[in-house]
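Asks: give me a 3D structure for the following:
(one chain, ligands or ions: 1)
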Amino acid sequence: MSTIPLGIKTAATICVLKNEDDFLLLKRLKEPNKDLYTPIGGKLDPFETPQAGAIRETLEETGIKVRTMEFCGILTETSPTKYNWISYVYLAEIDKVSPPHCNEGTLEWLSLGQILDIPTPKTDWFIYKFLVNKEKFILDAEYDENLEIKWLVNELTGESLI
Ligand SMILES: Nc1nc2c([nH]c(=O)n2[C@H]2C[C@H](O)[C@@H](COP(=O)(O)OP(=O)(O)OP(=O)(O)O)O2)c(=O)[nH]1
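Replies: Down below sits the predicted model:
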């Protein structure tokens with residue numbers, strides 16, 4: 001197994017599956033973001049494009065086949081620990097299926113109002129807001145050694161969100 005030096009960013013996808021105002025979120029069983037509700041997603045495979053990775057993770061984690069996903073933005077996360085990610089965020093509008101079984105945790109349909117009351121990564125509320133407003137984003141987040149968020153900026157507008 002190759003050892004990736006601490007601090008090198010891992011490329012991943014965040015795949016937001018939505019039906020009108022409801023989001024299919026995963027209560028994660030494992031790190032990163034254990035016990036938090038997040039969209040499904042995962043690391044890119046070698047030689048894989050972000051779009052192909054998003055379609056693959058959607059199939060692997062939900063059994064749902066989508067032909068394309070809409071590119072929404074990028075989330076870059078930097079910390080002095082091993083939490084260093086660059087995540088490509090994609091969106092697919094899907095049918096309101098009953099939540100499929102997922103090996104990574106429990107899937108649940110949640111409205112934006114419900115998402116306000118459940119534990120999520122601090123970055124995610126902003127992602128959902130950009131998606132709903134159909135605004136593209138490049139979010140740049142920095143964390144301290146305890147993984148507390150120090151700042152979050154949308155690089156496309158320069159706006160500080162936290
Ligand atoms: N929603 C959300 N997801 C995030 C944030 N930061 C971050 O890395 N992620 C995502 C990117 C990836 O989709 C996911 C971590 O991927 P993973 O470890 O589950 O990857 P994988 O499915 O390839 O798992 P494995 O095969 O290595 O077990 O977490 C964040 O702030 N919010």
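Asks: is stretch 32-50 in proximity to the ligand?
Replies: Yes - using C-beta under 6 Å from any ligand atom, stretch 32-50 comes into contact with the ligand via 32, 33, 38, 39, 41, 42, 43. Where you see a C-beta, it was placed from the backbone N, CA and C, and this is true even at glycine.
Asks: swap in stretch 58-65?
Replies: No - counting by C-beta under 6 Å from any ligand atom, the ligand has no neighbours in stretch 58-65; the shortest distance is 7.1 Å.
Asks: now the strands for this structure?
Replies: Secondary structure of the chain (DSSP state E): strands at 10-19, 22-28, 37-38, 40-43, 70-78, 85-93, 105-111, 137-143, 149-154, 159-160.
Asks: list the contacts of stretch 119-133.
Replies: With C-beta atoms under 8 Å, 6 or more residues apart in numbering as the test, stretch 119-133 has contacts from 14, 16, 18, 23, 25, 33, 35-39, 72-73, 75, 77, 89, 91, 112, 115-116, 136-137, 139, 141, 149, 152, 154, 161-162.
Asks: most neighbours, which of the residues of stretch 32-50 next to the ligand?
Replies: In terms of neighbour count, residue 39 stands highest of the residues of stretch 32-50 next to the ligand at 26 neighbours, by other C-beta atoms under 10 Å.
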